[in-house]
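Participant: Model the structure of this input:
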Amino acid sequence: MPLAPESFQALDDSLSRLAAESILAQAGRDDGLIPSYSLLGEMRERCTDEPALRDAIAAVHGLIDKRLDAAQPFDEPTLAELRRLIGWLPEALEAAKAGRAPAPFAGETAAPAAPAAAASAAEAEHAPADVMLELHFAENQELLTEFYAEAVDHLQQIEAALLVLDQRPDDPEALNSIFRSFHTIKGNAGFLGLVPMQTLAHEVESLLDLARNRELRLTPAIITEILRSRDALQQLTQQIAMALEKGHLPSTIVPVSHLVVAVKALARGDAPTAPAAPTPVAPKPAPAAAPVVPIASEAPAAATAAVAPAPETAPAAATTSAANAIENQASAKATAGGQTVRVNTEKLDSLMDVVGELVIVQSQLIESARGICDDGSPMQRNVAQLSRIAKELQHTAMSLRMIPIKPTFQKMERLSRDLARNFGKKVHFQVSGEDTELDRTVVEEIADPMVHMVRNALDHGLELPDVRVASGKSEQGTVHLSAYHQGSNIVIELKDDGRGIDPDKIFKKAVEKGILAPNASLTREECYALIFAPGFSTAEKVTAVSGRGVGMDVVKRNIEKLRGKIEITSEVGKGSTFKIKLPLTMAIIDGLVVRVGADKFILPSTSVQMAMRPTKDSITTVHGTGEVLELRGKILPLHRLHRRFGIPADATQPWDGIVVIVEHSGRVSALLVDEMVSKQEVVIKNLGAFMQGLPGVAGGAILGDGNIALILDPASLLQAAAA
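Facilitator: Here you go, the predicted structure:
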């Protein structure tokens, strides 16, 4: 099947960037090594349907892969091969566009300098492992569904436990957890005839069995190889997911033979050589890229498939039989208790919509009953009972959407480890609050900003070990990722002890780029805000990870999409702290209904501290600040809500109305309203494009009397009022 026109355009763009990297590249230096690897990986993926292009690109990609695995810079043969490929590709692309076969690539990768008899024998021995997954979809669909759900769970456990072992190689609990997970995957894959998964999982299981028996000690190199094997299993699992979701059977081979060879070598005690993968159709991810994200199930079902004994090929694994796998599955069932079920998220969203409408109708019934019935009447009692049931149903429905942020934090920990190895830095990555539960939508939207922030912290924030030692720090840097609730916010905090952010450097860079005038005057916070400008970067050189000025722009855009904000504190030489503060984004919130003139507004009750009628003596006017309220020895700015929205009010003097004390992000202010009406649960409704982004307004709600009230956003409301 010929390539699509957009694929040729993307290949042309990648070729231009690759040519630029090759011009600057020099033998003996690693400048351009990682970008070239990433670009070749992208191009190879786009050329899946053009074997001539794919194979030529893959050959050079494999050469650079070897340099990276050995932590070596460019050498003359690799650089010459890269430039030979760049010279061949333009005519080859033109031939492919015209539907002609490109001229053969006159590279030298087909003739390796060293004898390859042993390698060829090893590849021949393991050739059967590099085969397409045979799913036998018609008869195995139900079993594959259960296998996929359990495999996702096991792969997450494997990654988490490996990250623990990277810090504590002798942790028996983590080691046993990984062994059980690989053993279960091997047994189930063998039962379903998933040859690549069974073969690879079996070899890793044998390696782990040596570690469990203290015949082998896990090293960073061994852990890295197990992580690569885990990623390959994940790619195979994703092929099963695509088949289950869209009915498309796998059409690409995920190579595992090179991993099997590497794992066997490690089990023999040989030094790791990180053999390059045979030319695959499914490319291996670049080392600087984020790890492949699993299609996570919010409530994985316990597997119920029987497990048949897998063929044993190594004596070290002979003691691990299918009976153990059945026992493991039985314990998993006992833990789960058969109480979990996978539910399509569309059904959860539909349930939330229905519950929202129920809450609206309940409010209207309460309003109607109040007007026609006396207190204590049967009608009032029935409505009160309905309110209690609706409230319980609402909380249950909302809790179904809540998922812990732990899997996302785990991916960041893995990303940190991989990047630290690529940068040659030593990092201690800490997490806390990973059990904090957030709305599913928030967890999905926050993942991308967190990737950019972690990359930024490791690339720009932390120094190299020798630089840290010279400045009096330990050679190992610390990055701490945490999540916690603070008032009405959910806070995700990323803190490092690196070089910090120099506002003067940011200012000079902004002047150089023409963003600021040389005589501009900015506060420290305003200087920090410049790093979120599109295209702005303080990096000295562009790498595959950072330097193009797009990452932090993505962070800001996604945070604002969730109506949140990001705060930065930093000290040069000491480190930086990024705080993402997200407001309550549930579909149903507790609100305080207030009246200003003929209009009603809703304040989120989590932002309201108290409401009071002030005395005349507590209100004063400060020159340059405006009206303030003295409350228990503190001076709070006073904002009149009717002035903010330009509407008439009944209370022209503060002591004639009600002052509501609101708090957001540690700032406390006072809002003047005419009257407090009630406290009730309201359903957030989108106001549409016409009022989208209106400062101070988060949405709308239908009240019990059928009228519409605006839901206020304290953060933007107070900012606009102060301005």
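Participant: dump the residue contacts of residue 426.
Facilitator: Residue 426 is in contact with 420, 465, 475, 476, 477, counting by C-beta atoms under 8 Å, 6 or more residues apart in numbering. Glycine gets a C-beta too; all of them are placed from N, C-alpha and C.
Participant: what two of these have the greatest distance between them?
Facilitator: Pairwise distances among the contacts of residue 426 were taken by C-beta to C-beta; the largest, 12.0 Å, belongs to 420 and 475.
Participant: ok, these two, which is more surrounded?
Facilitator: Each of residue 420 and residue 475 has its neighbours counted (other C-beta atoms under 10 Å); residue 420 has more, 19 against 13.
Participant: Count the residues that sit near the nearest residue to residue 503 once chain neighbours are set aside.
Facilitator: If the residues on either side of it in the chain are set aside, residue 503 comes closest to residue 527, at 3.8 Å by C-beta to C-beta, 6 or more residues apart in numbering. By other C-beta under 10 Å, 19 other residues sit near residue 527.
Participant: ok, now residue 669?
Facilitator: 20.
Participant: Let me know the secondary structure of it.
Facilitator: strand (DSSP: H, G, I helix; E, B strand; the rest coil).
Participant: again, but for residue 698
Facilitator: Assigned state for residue 698: strand (three-state reduction, three-state DSSP).
Participant: Low-confidence bits of the stretch 1-150 of the chain, can you list those?
Facilitator: For the stretch 1-150 of the chain, the stretches with pLDDT under 70 are 1-2, 69-71, 107-128.
Participant: so what secondary structure elements neighbour the top strand by length along the chain?
Facilitator: For the chain, the strand with the greatest residue count under DSSP state E is strand 476-486. The contact analysis (3 or more C-beta pairs under 8 Å, 6 or more residues apart in numbering; DSSP states H and E) places strand 476-486 against helix 406-423, strand 426-432, helix 440-456, strand 489-496.
Participant: Mean neighbour count, the ones you listed: which tops it?
Facilitator: strand 489-496 (a mean of 22; mean count of other C-beta atoms under 10 Å).
Participant: That strand pairs with which strands, parallel or anti?
Facilitator: If you go by DSSP bridges, strand 489-496 pairs up with strand 476-486 (antiparallel), strand 575-582 (antiparallel).
Participant: would you turn these into TSV with mean neighbour count, mean pLDDT and distance to residue 388?
Facilitator: Shown next, in TSV, are the strands paired with strand 489-496 (neighbours: other C-beta atoms under 10 Å; pLDDT from 0 to 100; distance: least, C-beta to C-beta, whole Å):
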stretch	mean neighbour count	mean pLDDT	distance to residue 388
strand 476-486	18	88	26
strand 575-582	21	87	30
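Participant: Now distance to residue 555 too, for the ones you listed, in a markdown table please.
Facilitator: Formatted as a markdown table, the strands paired with strand 489-496 follow (distance: least, C-beta to C-beta, whole Å):
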| stretch | distance to residue 555 |
| --- | --- |
| strand 476-486 | 14 |
| strand 575-582 | 8 |
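Participant: Kindly state which of those is positioned closest to residue 246.
Facilitator: Closest of the strands paired with strand 489-496 to residue 246 is strand 575-582, at 32.8 Å (criterion: C-beta to C-beta).
Participant: can you state the direction angle for the closest one and helix 440-456?
Facilitator: 170 degrees (axes from the mean of the first three to the mean of the last three C-alpha atoms, to 10 degrees).
Participant: for the record, mean pLDDT for the helix or strand that comes right after strand 575-582?
Facilitator: Downstream of strand 575-582, the next assigned helix or strand under DSSP states H and E is strand 588-596. Over the span of strand 588-596, the pLDDT mean works out to 81.
Participant: How far off centre is the helix ranked longest in the chain?
Facilitator: Across the chain, the helix with the greatest residue count (assigned by DSSP state H) is helix 137-167. Taking C-alpha atoms, centre = their mean, to the nearest Å, one finds the center of helix 137-167 at 19 Å from the center of the full chain.
Participant: rewinding a little: could the helices and strands packed on strand 476-486 go into a markdown table alongside distance to residue 375 and mean pLDDT?
Facilitator: Compiled in a markdown table, the helices and strands packed on strand 476-486 are given as follows (distance: least, C-beta to C-beta, whole Å; pLDDT from 0 to 100):
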| stretch | distance to residue 375 | mean pLDDT |
| --- | --- | --- |
| helix 406-423 | 48 | 85 |
| strand 426-432 | 49 | 90 |
| helix 440-456 | 41 | 83 |
| strand 489-496 | 38 | 86 |
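Participant: middle-most residue in the protein, spatially?
Facilitator: Using C-alpha atoms, centre = their mean, the residue of the chain that lies closest to the mean C-alpha position is residue 447, 2.3 Å off.
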